[in-house]
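> sequence unknown, structure follows:
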């Protein structure tokens with residue numbers, strides 16, 4: 001009961017922040033005040049992440065930060081098995097970024113409008129023509145210096161295992177020429193899905209792998225990029241799960 005109350009109190013803080021600052025957020029974007037615009041957006045992201053992780057009080061560990069230059073622009077590519085995944089990446093990636101999410105999220109009052117203004121892209125998987133337009137918007141976002149997060153499985157894995165990656169997702173990097181940052185999420189399901197869809201304490205690990213520079217790849221490697229990145233993430237995901245089962249990684253709150 002206490003965790004539930006804390007969660008809703010923090011979510012209320014998140015939504016209140018967006019309501020109070022929405023006009024300012026929109027104005028900053030229209031005026032091209034990028035620094036303050038990103039600061040406001042990043043703060044909203046933090047409040048959302050806090051609602052999940054402060055209420056659950058889960059153990060949270062970040063690995064591989066030394067692999068990343070956070071001043072660079074990346075296409076962040078991650079496995080996806082929980083609604084907690086976005087919050088986990090927000091907590092571990094210290095710069096403002098946007099993400100591609102399913103269109104249904106855009107219908108959430110306040111949330112949808114805020115994140116649309118923020119540059120996040122909501123995808124209708126059934127609309128092929130719209131998907132092409134969204135791909136082009138994503139490419140322009142990356143070329144503009146804003147990192148973007150995508151889950152190339154297309155939907156959450158029900159089993160928790162890493163599914164196949166959609167090849168089209170990687171056109172964002174191939175067309176924009178930004179580096180791909182593979183991110184491995186382990187244990188996010190333990191915070192929500194594995195507890196009958198109730199927020200609870202869990203053990204979450206976010207691992208950054210070595211960024212992949214598109215410019216250094218052959219045409220064949222580019223063609224198989226979705227398989228290569230998927231295999232890298234899957235290998236690390238299985239490794240982390242094995243270490244956790246043996247208690248070889250000490251998590252921290």
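Ah, there it is. Here the structure is a predicted model, which means the values were calculated and not measured.
> what number of residues lie near the residue nearest to residue 206 when sequence neighbours are not counted?
Across the structure, with CB to CB, 6 or more residues apart in numbering as the measure, the residue nearest residue 206 apart from its sequence neighbours is residue 92 (4.2 Å). Just so you know, the C-beta spots here come from the backbone N, C-alpha and C atoms, and that holds for glycine as well. For residue 92, the count of nearby residues is 22 (other CB atoms under 10 Å).
> Please name the residues that touch residue 92.
Contact analysis of residue 92 by CB atoms under 8 Å, 6 or more residues apart in numbering lists 62, 183, 206, 208.
> how near is the nearest residue in space to the last one that is not next to it in sequence to residue 103?
The reference is to residue 208. In this structure, residue 208 finds its nearest non-sequential neighbour in residue 64, 3.7 Å apart by CB to CB, 6+ apart. The spacing between residue 64 and residue 103, counted by CB to CB, to the nearest Å, is 32 Å.
> what do you get for residue 167?
In this structure, residue 167 and residue 103 are separated by 21 Å, where distance is defined by CB to CB.
> Also residue 220?
In this view, residue 220 and residue 103 are 34 Å apart by CB to CB.
> Among those two, which residue is more densely surrounded?
The residue with more neighbours, out of residue 220 and residue 103 and counting by other CB under 10 Å, is residue 103; that gives 16 against 8.
> Give me the below-cutoff pLDDT ranges for the stretch 101-250 of the chain.
Where the stretch 101-250 of the chain drops to pLDDT under 70, the residues are 125-131, 245-250.
> Which parts of the stretch 101-250 of the chain are strands?
121-123, 147-150, 179-186, 203-208 (DSSP state E, counting those that start in this stretch).
> what's the straight distance from one end of stretch 62-79 to the other?
15 Å (CA to CA, to the nearest Å).
> what's the average pLDDT for that stretch?
Per-region confidence: stretch 62-79 scores 95 on mean pLDDT.
> which residues touch the closest residue to residue 191 other than its chain neighbours?
In this structure, residue 191 finds its nearest non-sequential neighbour in residue 202, 4.0 Å apart by CB to CB, 6+ apart. With CB under 8 Å, 6+ apart as the criterion, the residues that contact residue 202 are 56, 58-59, 187-191, 194-195.
> Reformat these into JSON lines and put neighbour count and distance to residue 230 next to each item.
Converted to JSON lines, the contacts of residue 202 look like this (neighbours: other CB atoms under 10 Å; distance: CB to CB, whole Å):
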{"residue": "56", "neighbour count": "24", "distance to residue 230": "28"}
{"residue": "58", "neighbour count": "23", "distance to residue 230": "26"}
{"residue": "59", "neighbour count": "18", "distance to residue 230": "27"}
{"residue": "187", "neighbour count": "25", "distance to residue 230": "19"}
{"residue": "188", "neighbour count": "30", "distance to residue 230": "18"}
{"residue": "189", "neighbour count": "21", "distance to residue 230": "19"}
{"residue": "190", "neighbour count": "21", "distance to residue 230": "22"}
{"residue": "191", "neighbour count": "26", "distance to residue 230": "24"}
{"residue": "194", "neighbour count": "16", "distance to residue 230": "23"}
{"residue": "195", "neighbour count": "14", "distance to residue 230": "28"}
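> Looking at the strands of the stretch 101-250 of the chain, which is nearest to residue 41?
Taking CB to CB as the criterion, residue 41 comes closest to strand 147-150 out of those, the separation being 12.3 Å.
> gap between residue 106 and residue 10?
Spatial separation of residue 106 from residue 10 under the definition CB to CB is 22 Å.
> how far away is residue 172 from residue 59?
32 Å.
> And residue 227, how far from residue 119?
In this view, residue 227 and residue 119 are 29 Å apart by CB to CB.
> all helices for this structure, in order.
With helices called from DSSP state H, the chain shows them at 2-30, 34-56, 85-92, 111-117, 128-143, 171-176, 219-223, 225-245.
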